[in-house]
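Visitor: Would you be able to build a 3D model of this:
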Amino acid sequence: MFILNKKNLYLLGSFIAGFSIMTVELISSRIVAPIIGSSVYTWTSVIGITLLGLSIGSWFGGMLGDKIKNSILLSYVFFVSAILVSIIPTLAQNTKIILNSSNSILLLNLLMASYLFFIPAIVIGMIQPIILKKYADNFSKIATEYGLLSSVWSVGSVIGVFATGFFFVSTIGSIETIWAIAVVLAVTGLFFIKYQKSEIFIIMITILIMASVFFIQSKTGTEKKSLFEKETNYYKAKVADMDLYGFGKSRLLFLDFDSHSIMPEKTNEYFYPEIYPVFSNLKKDIKDILVIGAGAYTLPKYFKEYYKDAKVSVIDVDPELKKIAEDYFDLNKYDIETKVGDAKVIINKEAQKYDVIFGDAYNSFISVPWYLLTKEWNEEVKAKLTDGGVYAINFIGEMKGENARFTESVINTFKITFPNFYVFNFGATTESVQNIVIIGVKGDLPLMTDALAKKLFSGENSFLAHKLVTNDLKFSSSTVILTNNFAPVEKLIDPVVRFYFSRKIVF
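Guide: Modelled structure (predicted):
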C-alpha cells in the first residue's frame, strides 16, 4: 500500500520527529521575544525546558512502547503532538496570568517556556522509543538499529535548524511555521494507520481540533492592528501610529518586545535622540558620524539635519530596517549610508575613522548586546575615533539607588577607556527607569561640565543643560567591570526589569 516499506517508514517517522522538535525549539524563542524580550534567559529557558520535556517523554514513551502492543500507538502520539504544537500560537496570545505572576525576567522566561513548550516536547519525545520498539526486530543488532534511528533523528534536527533559521522565519513566519510542523506531524501519523473505523474516527477528531484552533488563532490575530508587520531574520517588526502623551501624534517602530523608535510630532525633553546638538560643543568640524543601531533611523536623521555637511553612516545587522525606515519613516529624504552587518565585524574591517560614534544598539534593557558594552569593545571603538573624537552610548537603567548596579558597571567600564566623559540622564528622577547617555572624549575634556551646561542652556534644545549630570558620580568600587570573558548584563539589569516590567505597555 505504501511506496516505503515498514522499516523505512519508521526511519521517516524518526526524521520527522527530530526535524519538528528543533524547528519548534527555534521558533519558540521568536514567539516568546515579542512577549518578554529575547535574552540569554530566553534561550536558556527554551532549550532547558525542551530538553527536560524530551527526557521525560523518552522515558514515558519507552514504558508505553513496552506495555501497549497496539500498532496504532505511534499514530496517536503523532496526532497528539500535532494538536499540541498547533495550539502554541493561541497560548502565546493568552499569557496574562504568566506575566502577572512575577517581575523576575528569569522566572518569567522559565514559566513562559514551560507553559508553551513543555507538554509538546514531552509528547514528541515519546516518539523515538516507540519507534525503536517497532523498528528493532533483531536484539543482536539493537545497538546498530538504535544508532541508525538516532542518526536519522539527528539529521532531521540539523535540517530543521537550517531550514528554520535560513528560510522559515523570514519567508513563512513563526506562526505559519508552527502550523506547517503541526500538519507534517499529523500527516506522518497517517502513515502508521490501517484506516479501520476507529482510526478514521481519531483522524476526524484530530482534523476537527486543529481546524478549531486555526479558526480561533485567525480571529485573535486580527485584534492587533498596525500599518506594517513583518517577521525579519532578527525581529518581529511592527509600525503603528499612536497619539503619545508629550510627543503628540507619533509613528512608532516595535521590535519584538520593545517600542524601539519614535518619529514624534514635537520635541520632548525626555527623548534621548534630542541630544544631537551636544556634539557640536565637544568637537569642531564634524565630518564623519557613525551610528551603531538603526531602528527607525531617528537619531541618524537628527544628525544629518543638524550637521548638514557631515557624512552620516549607520551600521545594523538587519537589512529590513532600512526598507522599513524608507517606507514609513521618511528615510528616503536623507542622504544616510547604511552598512549591513555586525558592528564588531564592520568596524574592525574598515580603516575609516570617525569624529562621532554613537552606540545606539542598547535601546532594550531586555535584549542587551553585552559584547558592545565591554572594555575590549570600548578600546576597539576608541581606535576608530579621530583625535578629539567623541564616543557616546545610550542604554536604559537607573542613575541612583539599589537598582543602579547595571548603570554603575557600564559607566565604570566605560571610564577605563574614556576617563574624560559626560553623563546625561533623561528620566524624571535619578531613580526612574530611563535612557542614560554617556559621552566620552578621545583626549582632554574640551569643556568642564559646568561650562558645557551653560553652553547647552543658551543653544538648541536648552533643556539638555538640565539633563547633564553636573555632580560627581559616586559608584561602588565593587561593581563588575564588563569584559569579553565576563559580562553578566542580564543579572545586573534584573532589578531594573523587576521594577519596570509590570508597568510596560504591550502593543
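
Visitor: List the contacts of residue 119.
Guide: Residue 119 is in contact with 53, 84, counting by CB atoms under 8 Å, 6 or more residues apart in numbering. In this view, the C-beta of every residue, glycine as well, is placed from N, C-alpha and C.

Visitor: downstream neighbour of the strand or helix carrying it in the secondary structure list?
Guide: Using DSSP states H and E, residue 119 sits in helix 119-125. Later in the chain than helix 119-125, the nearest helix or strand by DSSP H and E is helix 127-135.

Visitor: name the helices or strands packed onto the helix or strand following that following helix?
Guide: Downstream of helix 127-135, the first helix or strand assigned by DSSP H and E is helix 142-163. Judged by 3 or more CB pairs under 8 Å, 6 or more residues apart in numbering; DSSP states H and E, the packing partners of helix 142-163 are helix 6-36, helix 127-135.

Visitor: ok, of those, where does mean pLDDT dip lowest?
Guide: When those are compared on mean pLDDT, helix 6-36 scores lowest, with a mean of 86.

Visitor: could I get the helix holding residue 119 in PDB with only the CA atoms?
Guide: Listed next in PDB are the C-alpha coordinates belonging to helix 119-125 (Å, rounded to 0.1, in the frame of the first residue of the first chain):
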ATOM      1  CA  ILE A 119       4.000  19.400  27.100                       C
ATOM      2  CA  PRO A 120       4.600  19.400  23.300                       C
ATOM      3  CA  ALA A 121       8.300  18.400  24.000                       C
ATOM      4  CA  ILE A 122       7.200  15.500  26.200                       C
ATOM      5  CA  VAL A 123       4.900  14.100  23.500                       C
ATOM      6  CA  ILE A 124       7.400  14.500  20.700                       C
ATOM      7  CA  GLY A 125      10.000  12.900  23.000                       C
END
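
Visitor: on that earlier part again, relative to residue 430, which of the helices and strands packed on helix 142-163 is closest?
Guide: When those are compared by CB to CB, helix 6-36 sits nearest residue 430, at 26.8 Å.

Visitor: got the angle between that closest one and helix 127-135?
Guide: Interaxial angle, helix 6-36 versus helix 127-135 (axes from the mean of the first three to the mean of the last three CA atoms, to 10 degrees): 170 degrees.

Visitor: can you pull the buried residues of helix 6-36?
Guide: When burial is assessed from 16 or more other CB atoms under 10 Å, helix 6-36 yields the following buried residues: 9-36.

Visitor: Could you tell me the angle between it and helix 142-163?
Guide: Here the directions of helix 6-36 and helix 142-163 differ by 40 degrees (the same axes, to 10 degrees).

Visitor: Show me what the next helix or strand after helix 6-36 is packed against.
Guide: Using DSSP H and E, the helix or strand that follows helix 6-36 towards the C-terminus is helix 40-67. On a contact count with 3+ CB pairs under 8 Å, 6+ apart, helix 40-67 meets helix 6-36, helix 73-86, helix 105-113, helix 119-125, helix 127-135.

Visitor: just to revisit the earlier point, now distance to residue 77 too, for the helices and strands packed on helix 142-163, in TSV please.
Guide: Output for the helices and strands packed on helix 142-163, formatted as TSV (distance: least, CB to CB, whole Å):
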stretch	distance to residue 77
helix 6-36	9
helix 127-135	6
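
Visitor: Ok, which of those comes nearest residue 288?
Guide: For those, distance to residue 288 was read as CB to CB. The smallest value, 33.9 Å, belongs to helix 6-36.

Visitor: What about the nearest residue to residue 61 once chain neighbours are set aside, how many residues nearby?
Guide: The shortest distance from residue 61 to any non-neighbouring residue, by CB to CB, 6 or more residues apart in numbering, is to residue 126 (3.0 Å). Using other CB atoms under 10 Å, residue 126 is surrounded by 29 other residues.

Visitor: got it, and residue 421?
Guide: Residues within reach of residue 421, counting by other CB under 10 Å, total 19.

Visitor: quick check: angle from the strand or helix carrying residue 491 to helix 6-36?
Guide: Using DSSP H and E, residue 491 maps to helix 489-500. For helix 489-500 against helix 6-36, the angle between stretch directions is 60 degrees (the same axes, to 10 degrees).

Visitor: elements contacting helix 489-500?
Guide: helix 105-113, strand 385-397, helix 405-417.

Visitor: Could you export these to a markdown table, including columns for mean neighbour count, mean pLDDT and distance to residue 151?
Guide: Formatted as a markdown table, the helices and strands packed on helix 489-500 follow (neighbours: other CB atoms under 10 Å; pLDDT from 0 to 100; distance: least, CB to CB, whole Å):
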| stretch | mean neighbour count | mean pLDDT | distance to residue 151 |
| --- | --- | --- | --- |
| helix 105-113 | 22 | 85 | 28 |
| strand 385-397 | 22 | 95 | 46 |
| helix 405-417 | 21 | 93 | 45 |
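
Visitor: how about TSV for the ones you listed, with distance to residue 152 added?
Guide: Listed next are those as TSV, based on distance: least, CB to CB, whole Å:
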stretch	distance to residue 152
helix 105-113	27
strand 385-397	46
helix 405-417	46
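
Visitor: so residue 292 touches residue 300, yeah?
Guide: No - taking contacts as CB atoms under 8 Å, residue 292 lies outside contact range of residue 300: 10.4 Å.

Visitor: Between those two, which contacts overlap?
Guide: With CB under 8 Å, 6+ apart, residue 292 and residue 300 have common neighbours residue 314.

Visitor: Could you please name the strands the host helix or strand of residue 338 pairs with and the direction of each pair?
Guide: Per DSSP H and E, residue 338 falls inside strand 336-340. Within its sheet, strand 336-340 is paired with strand 311-316 (parallel), according to DSSP bridges.

Visitor: So residue 179: helix, strand or coil?
Guide: Following DSSP: H, G, I helix; E, B strand; the rest coil, we place residue 179 in the helix state.

Visitor: between the helix or strand residue 323 falls within and strand 311-316, what angle do the directions make?
Guide: Using DSSP H and E, residue 323 falls within helix 320-328. Taking the same axes, to 10 degrees, one finds helix 320-328 and strand 311-316 inclined to each other by 120 degrees.

Visitor: so what secondary structure elements neighbour helix 320-328?
Guide: Under the contact criterion of 3+ CB pairs under 8 Å, 6+ apart, helix 320-328 touches strand 228-231, strand 236-244, strand 248-255.

Visitor: Looking at the ones you listed, which is nearest to residue 328?
Guide: So among those, strand 236-244 is nearest, using CB to CB, at 4.8 Å.

Visitor: what lines up beside the closest one in the sheet?
Guide: Here strand 236-244 is paired, per DSSP bridges, with strand 228-231 (antiparallel), strand 248-255 (antiparallel).

Visitor: If we go by neighbour counts, what in the following helix or strand past the last one is buried?
Guide: Meaning strand 248-255. Of the helices and strands lying after strand 248-255 in sequence (DSSP H and E), the nearest is strand 258-263. Residues 258, 259, 260, 261, 262, 263 are the ones in strand 258-263 that count as buried (16+ other CB under 10 Å).

Visitor: Next one: residue 225, what pLDDT does it get?
Guide: 57.

Visitor: gap between stretch 481-492 and the chain center?
Guide: How far stretch 481-492 lies from its chain's middle: 18 Å, per CA atoms, centre = their mean, to the nearest Å.
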